[in-house]
Structures are given as C-alpha cells and as structure tokens.
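**Student:** The amino acid sequence is not available; the structure is as follows:
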C-alpha cells in the first residue's frame, strides 16, 4: 500500500491527510521552510513519520521557527536546551546536524543567493548524484533522507502515484521535476536537396551496444534509418536503434508488505533481478572522404544528438500476491529518459547494383537523464556508451 492509498482510506489519521494533501510533493519557495523540512526528514530517521508530524509544532518552537540564521548561531546553551526538550527528538547527532547544516546554508548564500537557488542551480541530478552532493555539503543526510526531502519539496518525482487525486494538484504547482519534461525539445530536421533531384537512402542492420560499466555485458540489437545527401561529401542522417533487454548479473532483495496492515504477518523478502533495454533515436551530419557518398570505398565521420529511452523491468521472485504486495514506492520498474551527444565514424563500400555495405561506431555520452521515479533501478545503466553498427544501405531516387 502506497502512502497515497493509505491517506485516501477512511480510517487514515488526519495528521497524514493534512500533510499528504497540502504539503507532500509541492514546491517550497521559502528557505526557512526548506530548512525545516530537512530538519524533519533528518529527525525521522529510525522513527515513524507520524511521530515527526505530531511533533512538528514542537520542532518549530525549539528551532526558532526554522530560522536558518538563528539556528546557525546556536551555542552550547542551545544544544543543552534542545537535548533536554522532551517535545522533540533528543538525539545529539541530529541536533548537531541541524546546527551544522544551518551554518552550511549560510556559507552557500554568497555564491548562490539562497538555499533554494543552490538546489535550483544543481537541478536536475539523479538520486545518487544528489546524495553525493548532500553528503559533501551537509551532515546526517543518507540516501533515504535526501530522497524524501527532494521528493517532498518537488525536486524529484514519486511523492504521489498517478492515480492519486493530489497528483494533478502537484502538477499544477509546477514542481522542478516537471521542468525537465517541458524543456526537452529536441528537433531532428530532414532536408531534401533543393537541386534538380532529391535522394534518400534507407539503412538497416545489426547493432551492438557496450556500456562503460563493470559487470554489464554488451547488448545486441538492430537499427533502421534514413540518410539524405546534401552533396557527395555531406549528408544528414537519422537512425532508430533497439537493443534487446538483458538482466543484471546481481540480484538484490526488497520487502513486500502485508496487504492487510492489521494482520500479524511479517514482511516478506522478495528477490529482484532487474533487466533493461536501450531504445535510441539519433541524428546528425556526416562528412565523407575518399570516393564520397555514392561510389566505392569511403570513410565518414561526424557528430550526433541522441534521445535514449531505457525500459526497466523488476523481474521479482515468487511471493504470495494474495497476502503481500509491492507498492509503487518499492518497485524498481520504470524508464529512464536521456539526452546525449557524441561522435561517430565508419567505412562503407558502394556498388551501383548491390547497394552499400557499411560499418560504423559511435561514442556517446548522456548529458542528463530523467528516471520515471526515484526507485527505478540503475544497476545496468551507464551514461557513457559505445554503439557498433553493421548494415546495408539502399538508395532511392526521385526526379523532378
């Protein structure tokens, strides 16, 4: 059962309903409110979120209404006061982290202007990249704390399932994670020659992708495309490539929750062996040397832009689905959408009767990637990839 499912139940506690409906996943513009959310997420570690929500007013009072400047100037007397306050969580590490993190936010201000501007400047990042950045900058910020903080403040998706009525309300507030989807406008332009005739060539063949990641095997696949010469030395090309799914060489485990929260059933351990494929659309310019595009042997090279969609499947082990469930927050299924750029080159041989045979390779780097949720498995993912293609090209002519 997801958090959304629980909050929509008739017997859900009001403190959860208020937070879920009005705060969870909505953007936060005020630095002090952001700092307060970080304090609450840090204090939740090892405890229930309900405990923290019930103590929220106490936290505000104890930490000067989450005023960053005030907390940054706390001294030993303030530490002693906080550690003796029964209305909050009296954990020395968490108290020290709140004071330290307030000081760190003030250090960010001269360069970035505010805590929020610092977050905006670094957005978008993957959860792993965010976690590394937070650990470098703050204290007591593990992966789960960073994930919940960024989801709850709209920097990462996943706070609400799509079937939740609050999901549309969150979208209307324009959280940062949605900006990526709006700003990705990659246009592939196909231009026919304006000379006396236009020429278009169909391409297709086998492909192999090698990701730069230890323990991940090459992917096999196929490609289809078009190539349009502007002259005998310059062409525009576009290509779709699909690389078949492969499973990870390592398994890990998740816990499936009882469907009935009131039962005494323990959580069930479920094995997971993720698999992933690659779907790529690329396009760019090619420059030919030697005999050119139409005749004999020639070499070619150029740059390209690329859209990449990775589909990830969990492949879960057996468990009793009548008693247990893996909710949307636990599942690692989903997709990763990326935009990349690279360089490529190859050789070809053209015969007027047989057509053209070619071999080329591309080295591409994914500039940024957006997972469909924060839990999508990236165990097979690599931003740096080699792609090899062996294929056949057939030319089609139109006369004007």
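**Tutor:** Thanks, I have the structure now. Just so you know, these numbers come straight off a predicted model, no measurement behind them.

**Student:** how far away is residue 55 from residue 145?
**Tutor:** Shown here: residue 55 relative to residue 145, a distance of 17 Å by CB to CB, to the nearest Å. C-beta here means a position set from N, CA and C on the backbone, and glycine is covered the same way.

**Student:** Strands along the chain, start to end?
**Tutor:** In the chain, the segments counted as strands under DSSP state E are 197-211, 219-229, 234-247, 252-258, 268-272, 275-290, 296-313, 324-325, 334-351, 355-371, 384-399.

**Student:** right, and these - which one's nearest residue 67?
**Tutor:** Residue 67 sits nearest to strand 355-371 of all the strands of the chain, at 34.2 Å, using CB to CB.

**Student:** Between strand 384-399 and the closest one, find me the angle.
**Tutor:** Interaxial angle, strand 355-371 versus strand 384-399 (axes from the mean of the first three to the mean of the last three CA atoms, to 10 degrees): 130 degrees.

**Student:** Rounded mean pLDDT for strand 355-371, please.
**Tutor:** For strand 355-371, mean pLDDT is 93.

**Student:** now stretch 269-282
**Tutor:** The model assigns stretch 269-282 a mean pLDDT of 92.

**Student:** Please identify the buried residues of it?
**Tutor:** 270, 272, 273, 274, 275, 276, 277, 278, 279, 280, 281, 282 (16 or more other CB atoms under 10 Å).

**Student:** Stretch 25-44 now?
**Tutor:** Per 16+ other CB under 10 Å, stretch 25-44 contains these buried residues: 25-28, 31-44.

**Student:** and the buried residues of stretch 269-282 as TSV, adding distance to residue 248?
**Tutor:** As requested, the buried residues of stretch 269-282 are arranged in TSV below (distance: CB to CB, whole Å):
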residue	distance to residue 248
270	15
272	9
273	6
274	5
275	7
276	8
277	13
278	14
279	18
280	20
281	25
282	25
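
**Student:** re the thing from before, tell me which of residue 55 and residue 145 has more neighbours.
**Tutor:** Remark: of residue 55 and residue 145, residue 145 carries more neighbours, 20 against 17, as counted by other CB atoms under 10 Å.

**Student:** check contacts around the more buried one.
**Tutor:** Residue 145 makes contact with 41, 42, 44, 45, according to CB atoms under 8 Å, 6 or more residues apart in numbering.

**Student:** Any regions of the stretch 51-200 of the chain where pLDDT drops low?
**Tutor:** 180-198 (pLDDT under 70).

**Student:** ok, which stretches of it are helices?
**Tutor:** 56-62, 68-72, 76-83, 92-112, 115-122, 127-137, 143-152, 165-172, 176-183 (DSSP state H, counting those that start in this stretch).

**Student:** most packed of these?
**Tutor:** helix 143-152 (a mean of 21; mean count of other CB atoms under 10 Å).

**Student:** returning to that earlier point: out of the buried residues of stretch 269-282, what pair is the most spread apart?
**Tutor:** 270 and 282 (37.2 Å).

**Student:** could the contacts of residue 145 be laid out in CSV, adding distance to residue 126 and pLDDT?
**Tutor:** As requested, those are arranged in CSV below (distance: CB to CB, whole Å; pLDDT from 0 to 100):
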residue, distance to residue 126, pLDDT
41, 19, 95
42, 21, 95
44, 23, 92
45, 22, 89
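
**Student:** And those, which is closest to residue 219?
**Tutor:** Nearest to residue 219 among the contacts of residue 145, with distances taken as CB to CB, is residue 41, at 37.7 Å.
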